[in-house]
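Peer 1: Provide a 3D model corresponding to the input given below.
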Amino acid sequence: MSVADVREAITQVHHKEWARVVAALTRRFGDLDIAEEAAAEAFATAVARWPADGVPPNPGAWLTTTANHKAIDRIRRENKRDDKQREAQMLYDDDPPEPLGAVDDERLRLIFTCCHPALAMETRVALTLRMVGGLTVPEIARAFLVQEATTGQRITRAKAKIKAARIPYRVPSAEDLPARVSGVLAVLFLVFNEGYLATGPDTDPVRHDLTAEAIRLTRLIRALLPDDGEVAGLLALMLLTEARRTARVSVSGELVPLDEQDRGAWDAALIAEGHRLVRERLATGLAPGRYQILAAINAVHTSARDMRDTDWSQVVALYDQLVRLDPSPIVAMNRAIAVAELDGPEVALAAVDRLEDKLAGYHAYHATRADLLRRLGRSQQSRAAYDKAIELTGNTAETAYLTRRRDQLG
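Peer 2: Numbering: from 1, shown residues only. Got it, this is the predicted structure:
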């Protein structure tokens, strides 16, 4: 096995085992810092040793054992943590495991634990993405459209507050779930988005491991909270988006936009399930939440046999509802893209240009402007916008697509 093969194996193991290792260490030592740092050290040790020694038969067990030893070593070095050291001495005790509580999935339980209502929403989401999702600080920063330093500070403050307020690592009960579910859904939505269109240049452009895990965990929450409309909405949104995955990147590694995708390659079973969930929520007559509206928008797109058959007036009407719930600049930009199909690119461009101060560092903003300017025949300005989008994007498939579109300009 080559060094490259070993590094690829480590990457795959990381996304499968990270949450399990962190959860096991957090439960044993009661400290998120120790858990995360010991897990990181274990993976770093794997990077150093596996190329020479080979991948062990049970990589997950190897990482858990190594991380436990790293945690114990750190605790022993800290003289002021005698109580933690006593816990470490009990590493191999025969005590029965603690009850699982309302959530029996290891990763989902840790997500609910980290999404404690005592933490601000953005803080708990950032912490959980790092601790459980295994996303890097740069990936989380790109998800929030903020600087890496800001994201790092949020995570650091979250850990400090957990210690200062003595928030326990406790298995969540059924009564805990409703107060925490909004944060959990936000985490899963961002994990799914990172898989749907990876933001880093060093990963596959579409990461099925992340999208599949986000869907799996959302299905589990759906079973726990079957009457929660936003849980159903997020699951529908993920399914309708995942249905298009195989058509989103060409064999040459280039992103394929919605209007150019082979709709016959979409997963009909996932689309049918997503549409059923959307219809069930509509039948309740209750006011929809953010994820339910996003799912309904995707239902309109996946109902059309061809891009020309899309009911753009319905899409814009749904975005009008969404803007009232979530007046974020990204929602406003996506609404403008739909408006372009109804009222033309000039009207849409005016709306997009009003968002410059808030989205100047977001590659999709410049890509949207580039496309609208291209449709208006303003090639020089379009080229400049494409250049900026290419500079900011990290996804290799998206870079290839934007580069081709730019080079097609006269």
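Peer 1: if you skip the residues just before and after it, what's nearest to residue 400?
Peer 2: residue 254 (4.2 Å; C-beta to C-beta, 6 or more residues apart in numbering). Using the backbone N, CA and C atoms, a C-beta is placed for each residue, glycine as well.
Peer 1: now residue 397: how far from residue 195?
Peer 2: Residue 397 sits 13 Å away from residue 195, going by C-beta to C-beta, to the nearest Å.
Peer 1: Overlap in contacts, those two.
Peer 2: Counting by C-beta atoms under 8 Å, 6 or more residues apart in numbering, the contacts common to residue 397 and residue 195 are residue 206.
Peer 1: Looking at those two, which is more packed in?
Peer 2: Taking other C-beta atoms under 10 Å, residue 397 and residue 195 do not tie; residue 195 has more neighbours (25 against 21).
Peer 1: if I read this right, residue 250 contacts residue 257, doesn't it?
Peer 2: No: the pair residue 250 / residue 257 is not scored as a contact, 10.9 Å apart, by C-beta atoms under 8 Å.
Peer 1: Could you pull up phi and psi at the residue nearest to residue 400?
Peer 2: Main-chain dihedrals, residue 254, degrees, to the nearest 10: phi -110, psi 140.
Peer 1: Next, count neighbours for it.
Peer 2: Neighbour count for residue 254, taken as other C-beta under 10 Å: 17.
Peer 1: quick one: pLDDT of residue 374?
Peer 2: You'll see residue 374 listed with a pLDDT of 97.
Peer 1: Secondary structure class of it, three-state.
Peer 2: Counting by DSSP: H, G, I helix; E, B strand; the rest coil, the backbone at residue 374 sits in helix.
Peer 1: which other helices and strands contact the helix or strand hosting residue 152?
Peer 2: Under the criterion of DSSP states H and E, residue 152 resides in helix 148-164. Other elements packing on helix 148-164 under the criterion 3 or more C-beta pairs under 8 Å, 6 or more residues apart in numbering; DSSP states H and E are helix 32-53, helix 121-131, helix 137-144.
Peer 1: Export only the CA atoms of that helix, formatted as PDB.
Peer 2: In PDB, the C-alpha atoms belonging to helix 148-164 read as follows (Å, rounded to 0.1, in the frame of the first residue of the first chain):
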ATOM      1  CA  GLU A 148     -11.300  31.600  10.400                       C
ATOM      2  CA  ALA A 149     -10.200  33.600  13.500                       C
ATOM      3  CA  THR A 150     -13.800  34.400  14.300                       C
ATOM      4  CA  THR A 151     -14.800  30.700  14.100                       C
ATOM      5  CA  GLY A 152     -11.900  29.700  16.300                       C
ATOM      6  CA  GLN A 153     -12.900  32.200  18.900                       C
ATOM      7  CA  ARG A 154     -16.500  31.000  18.900                       C
ATOM      8  CA  ILE A 155     -15.400  27.400  19.500                       C
ATOM      9  CA  THR A 156     -12.900  28.500  22.200                       C
ATOM     10  CA  ARG A 157     -15.600  30.600  24.000                       C
ATOM     11  CA  ALA A 158     -18.000  27.700  23.800                       C
ATOM     12  CA  LYS A 159     -15.600  25.300  25.500                       C
ATOM     13  CA  ALA A 160     -14.800  28.000  28.100                       C
ATOM     14  CA  LYS A 161     -18.500  28.500  28.900                       C
ATOM     15  CA  ILE A 162     -19.100  24.800  29.200                       C
ATOM     16  CA  LYS A 163     -16.300  24.700  31.900                       C
ATOM     17  CA  ALA A 164     -17.300  27.900  33.700                       C
END
